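>>> any chance you can model this:
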Amino acid sequence: MSRRSGSADLPLHGGRVPRWLADRMTRLGTLMAEVIVREYGRDELLRRLAHPFWFQCFGAVMGMDWHSSGITTSVIGALKRGLAPRAGELGLHVCGGRGRHSRATPAELLAIGERVGLDGARLAQASRLVAKVDSAAVQDGFELYLHGFIVSDDGRWVVIQQGMHGERRQARRYHWLSEGLESFLDDPHAAVDGPGQGRIVNLADRRAQPSRVAQLELLHTLGPDRIVRELARLEGGAMPDEAPLQLGLLPHLVLPGHHDVRAGDVVGRRLRGNLAAAAENGPRDFAELLQVPGVGARTVRALAMVAEVLHGAPCRFTDPARFSMAHGGKDRHPFPVPTRVYDHTIAVLKTAVTQASLGNDERLAALRRLDEQSRRLERSAAGPSVPALIAEEHQRSHDYGGRSVFGWEPPHEDAARPWRRTNP
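Alright, predicted model coming up:
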């Protein structure tokens, strides 16, 4: 793993992403990937996918539950569906997935290699080795069940894989990046970091090289049966204490168990900057410039957060919950998905990308300005608290086409204000 990668600990959640959300995630995720490739190049998209904080914010802004393990599966699935038809143009290919799809990764890589002229066998070997390192060489109690491999036409790649710990109801996501990778066995990780959860075995550390050699010698001299007997004998007695490894730090995201979005989950000044930039730039840059019918203030607020995921620096993605304020979550946390706002966001991005392909980059430049304004205004902007903003979203959810796995949101009961639809 290169120095840019890391890992994430997430609550283990079940369930499936409903079709109405999966389709929207595919469209929005594909458009955002295309904007990043157009603005910064394919390598930069791979670097961002290899960053656990950015990846979580990417999924949150697409309407998935902001802290759950399901973000990994849904984001990889959305990119796989959306980028496949654009592979020839963008030069990006998504392989693998969950369960049986993960086991098909080597075959998919061989097929891609034949199609675009890459060494598919080498890529398949890299896929297997990455999976082995995080499942066997690093034994942390998490069993891998998801493996996604994204490769460019240049042969550079990123791997995102996830394991589960059933007893703890926890998932752990691992990020790999080919950039800077020299060895799969001598410190491929920048570090192994996280809350102390007992002793782990890390045979992928450079200092474990003598242990790897000794294990091979044991296998040749004793044989597997003798090794099993010796192991049983050793497990019957106490093992001597060992000094803990002194490991460096790498990006490691740890998300809480609570599902609701709380004030402490969001960096308030950044959220106020997003809201202020939307209020200040919205009429000038979007309603007039982009000319997308129906775009209102609420959509521009969502676009401010999308713009930050597209253009923001890595240090700004420490609070993934903030990005769930763009399009909510399928389980109504922080609020139901505002489908009308979501569709307008997709329409704005699609218009911007289409115009850029025709040589008019002004619409993409508007998104960059929106992100710049957010950073400038967050130093002084005032705005509603996180609980107040969430309460307002719930109150207006029906107006925005609010939907969750529980169904459509009914009209809010407010005798003082007759219900009416408004432009989101």
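>>> what comes up buried for the longest helix along the chain?
In the chain, with assignment by DSSP state H, the single longest helix is helix 19-40. For helix 19-40, a neighbour-count test (16 or more other C-beta atoms under 10 Å) marks 21-22, 24-37, 39 as buried. For glycine as for every other residue, the C-beta is placed from the backbone atoms N, C-alpha and C.
>>> with residue 78 as the reference, measure out to the residue nearest in space to the middle of the chain.
Using C-alpha atoms, centre = their mean, the residue of the chain that lies closest to the mean C-alpha position is residue 55, 2.5 Å off. Per C-beta to C-beta, to the nearest Å, residue 55 is found 12 Å from residue 78.
>>> about what we covered before: just the C-alpha atoms of the next helix or strand after the longest helix of the chain, please, in PDB.
The helix or strand immediately downstream of helix 19-40 is helix 42-49, counting by DSSP states H and E. Extracted in PDB, the C-alpha atoms of helix 42-49 (Å, rounded to 0.1, in the frame of the first residue of the first chain):
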ATOM      1  CA  ARG A  42      -7.300   9.400 -13.900                       C
ATOM      2  CA  ASP A  43      -4.400   9.000 -11.500                       C
ATOM      3  CA  GLU A  44      -6.000  11.600  -9.200                       C
ATOM      4  CA  LEU A  45      -9.300   9.700  -9.100                       C
ATOM      5  CA  LEU A  46      -7.400   6.600  -8.100                       C
ATOM      6  CA  ARG A  47      -5.600   8.400  -5.400                       C
ATOM      7  CA  ARG A  48      -8.900   9.700  -4.000                       C
ATOM      8  CA  LEU A  49     -10.500   6.300  -4.100                       C
END
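>>> how far off centre is helix 42-49?
Its chain's average C-alpha position is 12 Å from that of helix 42-49, according to C-alpha atoms, centre = their mean, to the nearest Å.
>>> stretch 155-169 now?
12 Å.
>>> quick one: end-to-end length of it, please.
Stretch 155-169 has an end-to-end distance of 36 Å (criterion: C-alpha to C-alpha, to the nearest Å).
>>> so for it, mean pLDDT?
The average pLDDT for stretch 155-169 rounds to 94.
>>> got the buried residues for that stretch?
Those would be 157-165, for stretch 155-169 by 16+ other C-beta under 10 Å.
>>> how close does residue 11 sit to residue 141?
16 Å.
>>> try residue 117
Taking C-beta to C-beta, one finds residue 117 at 41 Å from residue 141.
>>> circling back: ok now the helix or strand containing the residue nearest to the centre of the chain, how far from the chain's centre?
Assigning secondary structure by DSSP H and E places residue 55 in helix 52-61. Centroid displacement of helix 52-61 relative to its chain, using C-alpha atoms, centre = their mean, is 4 Å.
>>> I'd like the numbering to begin with 38 instead of 1 from here.
Noted, 38 is the first residue going forward, which turns the last one into helix 89-98.
>>> who touches it?
By C-beta atoms under 8 Å, 6 or more residues apart in numbering, the residues outside helix 89-98 that reach it are 42-45, 66, 69, 85-86, 103-104, 108-109, 111-112, 197, 210, 212, 288-290, 292, 342-343, 346, 351, 354-355, 357-361, 363-364, 366.
>>> buried among these? Need that as a selection in PyMOL.
A single PyMOL command selects the buried members of the contacts of helix 89-98 (16+ other C-beta under 10 Å):
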select buried, resi 42+43+44+45+66+69+85+86+103+104+108+109+111+112+197+210+212+288+289+290+292+342+343+346+354+357+358+359+360+361+363+364+366
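>>> got the contact list for the nearest residue to residue 393 once chain neighbours are set aside?
Sequence neighbours aside, residue 401 is the residue nearest to residue 393 in space, at 5.1 Å (criterion: C-beta to C-beta, 6 or more residues apart in numbering). For residue 401, the contact set (C-beta under 8 Å, 6+ apart) comprises 72, 75-76, 389-390, 392-393.
>>> and residue 147, by the same measure?
Here residue 147 is in contact with 157-158, 160-161 (criterion: C-beta under 8 Å, 6+ apart).
>>> next: residue 160.
Residue 160 neighbours (C-beta under 8 Å, 6+ apart): 146-147, 149-150, 186, 188, 192, 194.
>>> same deal with residue 161?
Neighbour list for residue 161: 142-144, 146-147 [criterion: C-beta under 8 Å, 6+ apart].
>>> same check, this time on residue 292
45-48, 93, 103-104, 357.
>>> ditto for residue 404
Residue 404 touches 72, 340, 343-344, 347-348, 389, counting by C-beta under 8 Å, 6+ apart.
>>> between the residues you listed, which sits nearest residue 429?
residue 340 (18.1 Å; C-beta to C-beta).
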